[in-house]
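J.: starting from these lines, generate the structure:
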Amino acid sequence: MTGRPICVGSHAGSGRDRLCGDTGISAVSTSVNEHVATKLGEAADLLEQQAANPFRVRAYRRAAETVAGLDRDLQAIVQHGGPEALVELPNIGAGIASAIDEILRTGRWVQLERLRGSLDPVKLFQTVPGIGPALAQRIHDTLDVDTLEALEAAAHDGRLETVPGVGARRAIAIRATLDSMLGRMPRQRDRAKVHGPGVALLLDVDEEYRSKAAVGTLPTIAPRRFNPDGESWLPILHAERDGWHFTALFSNTARAHELARTRDWVVVYFYDDHHQEGQCTIVTETRGPLVGRRVVRGRELECRTLYAM
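T.: This is a model prediction of the structure:
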């Protein structure tokens, strides 16, 4: 396997050094393993605080214990066997292996940032060569996506081309860059993965989230964006249905604030046990035959069929 840069760093803005090298960091291998174990442990703690499934919490805790107790450098394991070799470790499934690989490659873990309420997708998109601040903002506002995986899906299914200033040629270039950046664990790119769960299931999660948020029974997080006082106001739901894991939150995007839809638009993140992942936004339709109905953006036809049944 050819060497590729593997980077380990702390959360952006922490002031700690970001370590990066083509062949690993042998002098600080213990620190690298500890760094990953700490992030996995923090995810377990946050999930527990946010009333996630105890089995999911336990999975992250056990993975953290495995990584902390390794007598081998995680970077060396990936360097010699690829990211797929991580799943051969005890208590490390495909999803957690993908998370570890993301931390090693980028020094970040988007899922953890989401759990913290500190995810800034506009800055994240700027890590993709060819995407500057203005385009990153337009992508986020137009597509309402906030992970590189979701952006990659949009690049493959044609939605990225609809963003002002992109077009087909630029979308192809961004797609190629993302393919290279995310070319780690083998992943399917078929329509089933892009769409994920059925719309009935997504709408069920949406209903549960909004109902519980309305009566104040959900845990809350303090988002970094549009929250100058650091108030913990954003309800968060973790749920499982039919083999899918869901996290639901109200949209905290600039567009949602501009249109006063921060208590209407719901962003649902999902993944299954094979780590097929994605996200969608569910809104109250304001025009057309589904006006007043909850719809999954981009899947309005399926919603129309569902409501006609």
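J.: just the helices from this structure, written as ranges.
T.: 29-49, 54-68, 74-81, 94-106, 110-116, 121-125, 133-143, 148-157, 167-181, 191-195, 199-214, 254-258, 300-308 (DSSP state H).
J.: report pLDDT for the nearest residue to Pro133 once chain neighbours are set aside.
T.: Spatial nearest neighbour of Pro133, chain neighbours left out: Gln126 (6.1 Å); criterion: CB to CB, 6 or more residues apart in numbering. Yep, even glycine has a C-beta here, placed from its N, CA and C like the rest. Here the pLDDT value assigned to Gln126 is 89.
J.: ranges for the strands of the stretch 201-309 of the chain?
T.: 220-221, 234-241, 244-250, 266-272, 277-284, 294-296 (DSSP state E, counting those that start in this stretch).
J.: residues contacting the third one, please?
T.: What that stands for is strand 244-250. Contact with strand 244-250 is made by 53, 56, 114, 196-197, 201, 205-206, 208-209, 213, 221, 234-240, 256, 262-272, as judged by CB atoms under 8 Å, 6 or more residues apart in numbering.
J.: try it again at 6 Å.
T.: With CB atoms under 6 Å, 6 or more residues apart in numbering as the test, strand 244-250 has contacts from 197, 205, 209, 234, 236-239, 262, 266-272.
J.: okay, now the residue nearest to Pro133: neighbour count?
T.: Neighbour count of Gln126, defined by other CB atoms under 10 Å: 15.
J.: got a pLDDT number for Ile92?
T.: Ile92 carries a pLDDT value of 93.
J.: can you pull the contacts of it?
T.: Ile92 makes contacts with Ala63, Leu86, as judged by CB under 6 Å, 6+ apart.
J.: if you set the cut-off to 8 Å instead, what comes out?
T.: Ala63, Thr66, Leu86, Ile100.
J.: which one is Pro164 nearest to, not counting chain neighbours?
T.: Closest to Pro164 by CB to CB, 6+ apart is Arg138, at 5.8 Å.
J.: mind checking pLDDT for that neighbour?
T.: In this model, Arg138 carries a pLDDT of 91.
J.: domains in this structure, by residue range?
T.: Per automatic domain parsing, the structural domains of the chain span 6-109, 121-181, 196-308.
J.: straight-line length of the second one, end to end?
T.: It refers to domain 121-181. 16 Å (CA to CA, to the nearest Å).
J.: any low-confidence regions in the stretch 201-309 of the chain?
T.: For the stretch 201-309 of the chain, residues meeting the criterion pLDDT under 70 lie at 274-276.
J.: could you dump the strands of the stretch 201-309 of the chain into TSV with mean neighbour count added?
T.: Formatted as TSV, the strands of the stretch 201-309 of the chain follow (neighbours: other CB atoms under 10 Å):
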stretch	mean neighbour count
strand 220-221	18
strand 234-241	19
strand 244-250	21
strand 266-272	22
strand 277-284	20
strand 294-296	23
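J.: distance to Thr305 added to these, as JSON lines?
T.: Formatted as JSON lines, the strands of the stretch 201-309 of the chain follow (distance: least, CB to CB, whole Å):
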{"stretch": "strand 220-221", "distance to Thr305": "35"}
{"stretch": "strand 234-241", "distance to Thr305": "20"}
{"stretch": "strand 244-250", "distance to Thr305": "20"}
{"stretch": "strand 266-272", "distance to Thr305": "19"}
{"stretch": "strand 277-284", "distance to Thr305": "16"}
{"stretch": "strand 294-296", "distance to Thr305": "12"}
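J.: and of these, who's closest to Leu104?
T.: Leu104 lies closest to strand 277-284 among those, at 18.3 Å (CB to CB).
J.: next one: the closest one to chain centre, how far?
T.: In this view, strand 277-284 has its centroid 12 Å away from the chain centroid, taken as CA atoms, centre = their mean, to the nearest Å.
J.: and it, what does it pack against?
T.: helix 148-157, helix 191-195, helix 199-214, strand 266-272, strand 294-296 (3 or more CB pairs under 8 Å, 6 or more residues apart in numbering; DSSP states H and E).
J.: buried stuff in the longest one?
T.: To tie it back to what came earlier, the one meant is helix 199-214. Neighbour counts using 16 or more other CB atoms under 10 Å place Val199, Leu201, Leu202, Leu203, Asp204, Val205, Asp206, Glu208, Tyr209, Arg210, Ala213 of helix 199-214 among the buried residues.
J.: that older thread, can you list the helices and strands packed on strand 277-284 in JSON lines and add distance to Leu182?
T.: Shown next, in JSON lines, are the helices and strands packed on strand 277-284 (distance: least, CB to CB, whole Å):
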{"stretch": "helix 148-157", "distance to Leu182": "6"}
{"stretch": "helix 191-195", "distance to Leu182": "13"}
{"stretch": "helix 199-214", "distance to Leu182": "24"}
{"stretch": "strand 266-272", "distance to Leu182": "15"}
{"stretch": "strand 294-296", "distance to Leu182": "24"}
